[in-house]
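A.B. asks: One predicted model, sequence on top.
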Amino acid sequence: MELKANKIPDEFRMIVPRGMRLVKRQEEDFLLVESVYCPKGHNLMVDSVRIHGEPSIKLEISFGGQKGLIFVDAFWGSHAKLFSFLPECGEGDHLEGFCPYCHVPLREEYSCHIEGCDSKSALVLHLPSSTGKVYVCDSLGCPGHFLDVNSLPHEMTESISGINFFGHGSEDLFGGLE
C-alpha cells in the first residue's frame, strides 16, 4: 500500500512529542511513531518486521478464540498491518491487545470518536517518559486513533488524531496490503 500525504499542522511541526518524528518521503512530510511502550515499559517497536521501510509496532492480539502477533505500520494514521496468523473475523469485531513480552493487557476504557463506531475501549500505547499516549480503537476495521499529549493544546491533538493515511488502493481487513 502506498502512503498518501496529509497536511500536518505547522504548529505541530515545531513541537512533535518524544516518541514521534517527521520523515520526508517523496518530498512530503509524514508523522512516524518511533517509540511506544507497554504500561510496564517494554519497547513495542521491532526492526525485524519493517513496513514502508520503517520498524513496526509489535502487539499480541486475541479475538474470536484466535491469538497471535500483529505488526502495525508506524506511519501515523496508516492502517497497514501484518498478522502472524490468518484471522477469521469481520469488521466490528473487538480485539484484545497485550504486550508481546510481559502479556500485560493494553486495553483501556475509551469512547471512539469515529461516527458509527460504538466501541467503548481502545488499545493504549505509551510514548516515552510519560509524555503521552496513543489510543487505537479496538474495533477491527475502525480507523479511530487518538494522540493524547499533555503539553499539546486539545485542538492540535484533535487535528493530528484526524490524520488517516488510507493510501492508494483498496482497504480491507488486512489494511490494504497488496
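C.D. replies: Cool, got the structure. Numbers count the residues shown, from 1 in each chain.
A.B. asks: Give me the neighbour count for residue 150.
C.D. replies: By the criterion of other Cβ atoms under 10 Å, residue 150 has 10 neighbours. Where you see a C-beta, it was placed from the backbone N, CA and C, and this is true even at glycine.
A.B. asks: I'd say it and residue 132 touch.
C.D. replies: Yes. Applying Cβ atoms under 8 Å as the test, residue 150 and residue 132 come out as touching, 6.4 Å apart.
A.B. asks: Just the residues contacting the longest helix seen in the chain, thanks.
C.D. replies: Identified as the longest helix of the chain according to DSSP state H is helix 154-161. Contact partners of helix 154-161, identified using Cβ atoms under 8 Å, 6 or more residues apart in numbering, comprise 8-9, 11-12, 31, 76, 113, 145-149, 152.
A.B. asks: same thing but at 7 Å, please
C.D. replies: Applying Cβ atoms under 7 Å, 6 or more residues apart in numbering, the contact partners of helix 154-161 are 9, 11, 12, 145, 146, 147, 148, 149.
A.B. asks: Look at residue 4 and tell me its secondary structure.
C.D. replies: Using DSSP: H, G, I helix; E, B strand; the rest coil, the secondary structure recorded for residue 4 is coil.
A.B. asks: thinking again about what came up before, now, which of the contacts of helix 154-161 lie within helices?
C.D. replies: Short answer: the contacts of helix 154-161 in helices (DSSP H) are 11, 12.
A.B. asks: what distance separates the start and the end of stretch 70-82?
C.D. replies: End-to-end span of stretch 70-82 (Cα to Cα, to the nearest Å): 6 Å.
A.B. asks: Next, the buried residues of stretch 51-60.
C.D. replies: Neighbour-count burial for stretch 51-60, counted by 16 or more other Cβ atoms under 10 Å, picks out 51, 52, 54, 55, 56, 57, 58, 59, 60.
A.B. asks: residues in contact with the closest residue to the fifth one other than its chain neighbours?
C.D. replies: The reference is to residue 56. What sits nearest to residue 56 in space, not counting adjacent residues and going by Cβ to Cβ, 6 or more residues apart in numbering, is residue 71, at 4.1 Å. Taking Cβ under 7 Å, 6+ apart, we find residue 71 in contact with 49, 51, 56, 57, 58, 81, 82.
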